[in-house]
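In: The following block contains a protein sequence and its predicted model.
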Amino acid sequence: MGFLKKIKRWFRSRAAIQHLPVGSITVDRDGQLVTSTVSSAYPKALLGEIGREVLALFRAARAAQMPLAEVSIHFGSLLITARELRGGAVIFLLPQSALSQLPT
Amino acid sequence: MDAPHKILILDDDADWLELCRDIFAQLPSKPEVRTATSSSRALGMLDSEPFRLLICDLKMPRMDGLQVLTVVRRRFPELRTVVLSGLEDEEFRSRAYALGVDLFWLKTDMQRDSKMFMDCLESLLGRDTDGGFRGIQSKGLMDIIQMECLSRSSTVLRITRGPLVAKLWFQNGELFDAEADGACGEAAFRRILAWKSGTFENLPAEPDRQRTINKPINALLLESAQVMDENANLSSETQFIDASHRKTMWKLSLLTREGAEFVIAVPPEGQGEPDALGTQAAEQLADWTRQAAEIVKRLGDKIEAGPLSHITGNSMEKQLMVLPHGKKSFLVGWPPEASAHQLLEHSKKLVASWDS
């Protein structure tokens, strides 16, 4: 039915989907990105969002009198592990596949 | 006669949609097939009329398929979803399944295994949403047990409900023993019967198993049904206090047995008080749990990383685990020396038992 030819033609002409980030980033206490090993194809703005939300998590814990040194967020397809770093954080981003072993 | 189910196909190519419409209209249940060429149009259609199944492409301009599925999962949890894509990247397959899609199929495979694909679609269209034990839809555990007894089976029925596992031993249609969640005998049997859903499997019989249950199965089922009815119809204040006391004691024993320091069940904001055991700072910790769940939900939506499984946190004094469970979030506190590798499994077990 000519599926393959059609599919190839469509995919060449269409927008791509965003891959998940892989690597690590460091953010300072103001949420500014300091260093990153994540591919430059991944939008900087989204990395900044990750940094800011992780810092918000640490701050909320501190406000609840329960300061945390490390936080891991396990999403269905991405593991985010963050370690507090003098008000900022170093954050590791590791996509999870169906075959990945989930660290606790 | 029931109205035919409706299928919505979302793809940005009109020719492909035309082709799919012709093919899917030939399914045995003769569904009504509708199409949409943009995500916003598809979401509008889902808002305005009920659909049984959404078949969605992944690569689309503006809003891609994963974004659509993220929205659909939140707004239409009953809708069955199928991804039909040309992307052979395993990452996208994993992400789609992580978002809770029922089926991921490659367009190339659709051509190759068209019959199997059509069978899968037909099954998704026909499957009921009612509760029950997987394998025998709409049947409660009582029915399954009665079937084992009537057929005079010798088998071991292994029942799983999330992280909870129970076993029932049958010999020539008689119930010999039961084991569930640390309990055994009749107590375990009553506990298992309270489970509303789960999965089960038949294991080979164990004829040497020691008999601990001597009552006839019908008497046991009758007693258990009466107890469940009474619990469901607690009317007087005294009965309510007794039941509440028993529940608290049960939760405390659960907490001690698993070795956790505290558990807090946190309902969404404005929908009741947190239910806590083992901590004086329940309100404060519940607030943090709500905030954490909110922050992480926001983050997950932005980066399209799939639904939250759990959050772990470590401090000098304790290890924390946040687990979403239905509309609630649970915060479980563990001592710092607890083995990190078993925390998730133990926390899930605790949470599943808490609400059962």
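Out: Everything's here; your move. Numbers count the residues shown, from 1 in each chain, chains lettered A, B, ... in the order given.

In: Only C-alpha atoms from now on, for both contacts and neighbour counts.
Out: Fine.

In: Quick check: the residue of the stretch 1-150 of chain B nearest chain A.
Out: Proximity of the stretch 1-150 of chain B to chain A (Cα to the nearest Cα) peaks at B:Ala98, 4.7 Å away.

In: is it true that that residue touches A:Gly76?
Out: Yes. The pair B:Ala98 / A:Gly76 is scored as a contact, 4.7 Å apart, by Cα atoms under 8 Å.

In: Quickly list what's touching both of these two.
Out: Residues touching both B:Ala98 and A:Gly76 comprise B:306-307, with contact defined as Cα atoms under 8 Å, 6 or more residues apart in numbering or on different chains.

In: if you count what's nearby, which of those two comes out ahead?
Out: Using other Cα atoms under 10 Å in any protein chain shown as the criterion, B:Ala98 and A:Gly76 rank with A:Gly76 on top: 25 against 21.

In: gap between that one and B:Arg75?
Out: 18 Å (Cα to Cα, to the nearest Å).

In: if I pick A:Leu94, what's in contact with it?
Out: Contacts of A:Leu94 by Cα under 8 Å, 6+ apart are A:21-23, A:78-80.

In: likewise A:Leu78?
Out: A:20, A:93-96, B:305-306.

In: now with 7 Å?
Out: A:94-96, B:305 (Cα atoms under 7 Å, 6 or more residues apart in numbering or on different chains).

In: can you check B:Asp13 too?
Out: By Cα under 7 Å, 6+ apart, the contact set of B:Asp13 is B:Thr37.

In: next SSE after the helix-or-strand element of chain B with minimal mean pLDDT?
Out: Ranked by mean pLDDT, DSSP states H and E, the weakest helix or strand in chain B is strand B:136-137, scoring a mean of 45. Later in the chain than strand B:136-137, the nearest helix or strand by DSSP states H and E is helix B:141-150.

In: which stretches of chain A aren't confidently modelled?
Out: Filtered on pLDDT under 70, chain A yields the residue ranges A:1-17, A:97-104.

In: again but with the stretch 1-150 of chain B, I slipped
Out: Looking at the stretch 1-150 of chain B by pLDDT under 70, you get B:1-2, B:127-140.

In: Show me where it has its strands.
Out: Ranges of strands in the stretch 1-150 of chain B, per DSSP state E, counting those that start in this stretch, are B:6-10, B:32-36, B:53-56, B:80-85, B:103-106, B:132-134, B:136-137.

In: Any chance of those strands in JSON lines with mean neighbour count and distance to chain A as columns?
Out: Output for the strands of the stretch 1-150 of chain B, formatted as JSON lines (neighbours: other Cα atoms under 10 Å in any protein chain shown; distance: least, Cα to the nearest Cα, whole Å):
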{"stretch": "strand B:6-10", "mean neighbour count": "24", "distance to chain A": "15"}
{"stretch": "strand B:32-36", "mean neighbour count": "19", "distance to chain A": "17"}
{"stretch": "strand B:53-56", "mean neighbour count": "24", "distance to chain A": "14"}
{"stretch": "strand B:80-85", "mean neighbour count": "24", "distance to chain A": "9"}
{"stretch": "strand B:103-106", "mean neighbour count": "18", "distance to chain A": "11"}
{"stretch": "strand B:132-134", "mean neighbour count": "17", "distance to chain A": "22"}
{"stretch": "strand B:136-137", "mean neighbour count": "13", "distance to chain A": "27"}
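
In: Between those, which one is closest to B:Arg21.
Out: strand B:32-36 (5.9 Å; Cα to Cα).

In: by contact count, what packs against that closest one?
Out: strand B:6-10 (3 or more Cα pairs under 7 Å, 6 or more residues apart in numbering or on different chains; DSSP states H and E).

In: And the strand it packs on, what does it pack against?
Out: Using 3+ Cα pairs under 7 Å, 6+ apart, strand B:6-10 sits against strand B:32-36, strand B:53-56.

In: Which stretch among those approaches B:Met45 most closely?
Out: Closest to B:Met45 of these is strand B:32-36 (Cα to Cα; 8.4 Å).

In: can you dump the C-alpha coordinates of that closest one into PDB?
Out: Taking only C-alpha atoms (Å, rounded to 0.1, in the frame of the first residue of the first chain), the coordinates of strand B:32-36 have been written out as PDB:
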ATOM      1  CA  GLU B  32     -17.700   5.200  14.200                       C
ATOM      2  CA  VAL B  33     -14.400   6.600  13.100                       C
ATOM      3  CA  ARG B  34     -13.600  10.300  13.400                       C
ATOM      4  CA  THR B  35     -10.400  12.100  12.400                       C
ATOM      5  CA  ALA B  36      -8.500  15.200  13.400                       C
END
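
In: Neighbouring strands of that strand in the sheet, and parallel or not?
Out: strand B:6-10 (parallel) (DSSP bridges).

In: which residues sit against the strand it pairs with?
Out: Applying Cα under 7 Å, 6+ apart, the contact partners of strand B:6-10 are B:31-38, B:42, B:51-57.

In: let's go with 8 Å and repeat that
Out: Outside strand B:6-10, the residues that reach it (Cα under 8 Å, 6+ apart) are B:17, B:20, B:31-39, B:42, B:50-57.

In: ok, the residue positioned nearest the centre of chain A - contacts?
Out: What sits nearest the mean C-alpha location of chain A, by Cα atoms, centre = their mean, is A:Leu93, with 4.8 Å. Contact analysis of A:Leu93 by Cα under 8 Å, 6+ apart lists A:21-24, A:78-81.

In: Make a ChimeraX selection of whichever of those turn out to be buried.
Out: Buried residues among the contacts of A:Leu93 (16 or more other Cα atoms under 10 Å in any protein chain shown), as a ChimeraX selection:
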select /A:21,22,24,78,79,80,81
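
In: between the contacts of A:Leu93, which is nearest chain B?
Out: A:Leu78 (5.6 Å).

In: What parts of the stretch 51-200 of chain B come near chain A?
Out: Proximity of the stretch 51-200 of chain B to chain A is confined to B:58-61, B:64, B:86, B:90-91, B:94-95, B:98-99, B:107-108, B:111 under the rule Cα under 8 Å from any Cα of the partner chain.

In: just to revisit the earlier point, quick one: which of the contacts of A:Leu93 sit in strands?
Out: Among the contacts of A:Leu93, the ones falling in strands (DSSP state E) are A:23-24, A:78-81.

In: Do you have the strands of the stretch 251-356 of chain B handy? List them.
Out: Ranges of strands within the stretch 251-356 of chain B are B:262-266, B:275-277, B:308-314, B:319-325, B:328-334, based on DSSP E, counting those that start in this stretch.

In: among those, which is nearest chain A?
Out: Here strand B:308-314 is closest among the strands of the stretch 251-356 of chain B (Cα to the nearest Cα), at 4.4 Å.

In: ranges for the helices of chain B?
Out: With DSSP state H, the ranges of helices along chain B come out as B:14-24, B:39-48, B:65-75, B:90-98, B:107-112, B:114-126, B:141-150, B:185-193, B:217-232, B:237-258, B:282-303, B:340-354.

In: Show me what the second one is packed up against.
Out: So that's helix B:39-48. strand B:6-10, helix B:65-75 (3 or more Cα pairs under 8 Å, 6 or more residues apart in numbering or on different chains; DSSP states H and E).

In: and of those, who's closest to B:Phe170?
Out: helix B:65-75 (41.0 Å).
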